[in-house]
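Enquirer: sequence and predicted model, in that order:
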Amino acid sequence: MQLNLKGKKILIAGIHGSGKTILAKDISKGFKTAVYTPYPEEWKHEPVLLFEFTDFVNDFPLICRKIKQLALEKKITLFIVDDADILFKTHFDVKQSVREMVISHRHWNNLSLAFVTRRIQDIPAKIYGVCEFKALYTIDSPQAIDLLNKMHEELGDKVKAIPYESYNFYLKKIGEEPRLMKVELPEKT
Ligand SMILES: Nc1ncnc2c1ncn2[C@@H]1O[C@H](COP(=O)(O)OP(=O)(O)OP(=O)(O)O)[C@@H](O)[C@H]1O
Ligand SMILES: [Mg+2]
């Protein structure tokens, strides 16, 4: 997938099993990528820097500081938080560190950010609102549909109508109409 994500933020949202992690992995190929995820085994075969943790939520501020340092040293160019909703449901400090990152990442050698979530309605508006790209897989919660309808004309209804297991998603770029897209996986032999 050729997206010009340099120095930009992308939100990847959709219900369980809709294809979010596959898209994040596809995007990661064009970058020196670091990943923070509660399910590191899903990423262990990818050529990415994977962070270990003892407490996923409480370790996040420390991870953010490491990300800044690694980006300034040009060791990473993309930071992906897979299953980011886990962070936002629980802890105030976590939000602060994310906020600083969201404000400053461009000054960290144009670091790109990707937040992956099942529940767009749990992500603070200050964060999803400033994501220049939103990749929207199918959703079913009325709050999420409502939120997307308010974001762009009928976007929530369009996203809801994506058939599960089609692995299609709408890419909504700020200022542009949503485009229906799909990651093409190589055939298994
Ligand atoms: N573009 C695609 N083409 C074909 N199959 C796909 C595609 N995207 C995802 N899949 C299939 O769907 C499965 C689930 O995808 P993925 O792990 O990316 O979902 P997810 O949205 O991250 O789910 P979760 O919310 O549980 O983390 C994959 O293991 C793969 O088999
Ligand atoms: Mg996933």
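Expert: Looks like it arrived, so ask away. Numbers count the residues shown, from 1 in each chain. Ligands and ions are numbered 1, 2, ... in the order given.

Enquirer: which ones are touching the closest residue to residue 174 other than its chain neighbours?
Expert: Excluding the flanking residues, the one nearest residue 174 by Cβ to Cβ, 6 or more residues apart in numbering is residue 132, at 5.1 Å. C-beta: built from backbone N, CA, C; applies to glycine. Contact analysis of residue 132 by Cβ atoms under 8 Å, 6 or more residues apart in numbering lists 8, 9, 10, 173, 174.

Enquirer: by neighbours, which of these wins?
Expert: Highest neighbour count within the contacts of residue 132: residue 10, with 23 neighbours (other Cβ atoms under 10 Å).

Enquirer: just checking, that one touches residue 128?
Expert: No. Counting by Cβ atoms under 8 Å, residue 10 does not reach residue 128; the two are 10.4 Å apart.

Enquirer: give me the common contacts of these two.
Expert: 115, 134.

Enquirer: pretty sure residue 74 sits against residue 111.
Expert: No. Between residue 74 and residue 111 there is no contact under Cβ under 8 Å: 9.9 Å.

Enquirer: what about the two, which has more around it?
Expert: More crowded of residue 74 and residue 111, by other Cβ under 10 Å: residue 111, with 26 against 11.

Enquirer: would you mind measuring from that one to ligand 2?
Expert: Separation of residue 111 from ligand 2 (Cβ to the ion, to the nearest Å) stands at 22 Å.

Enquirer: next up, the contacts around that residue.
Expert: Residues near residue 111 by Cβ under 8 Å, 6+ apart: 7, 67, 71, 76, 77, 78, 79, 105.

Enquirer: the residue of the chain found nearest ligand 2: neighbouring residues, count only.
Expert: In the chain, the residue found nearest to ligand 2 is residue 21; the distance is 3.2 Å by Cβ to the ion. Here the number of neighbours of residue 21 (other Cβ under 10 Å) works out to 20.
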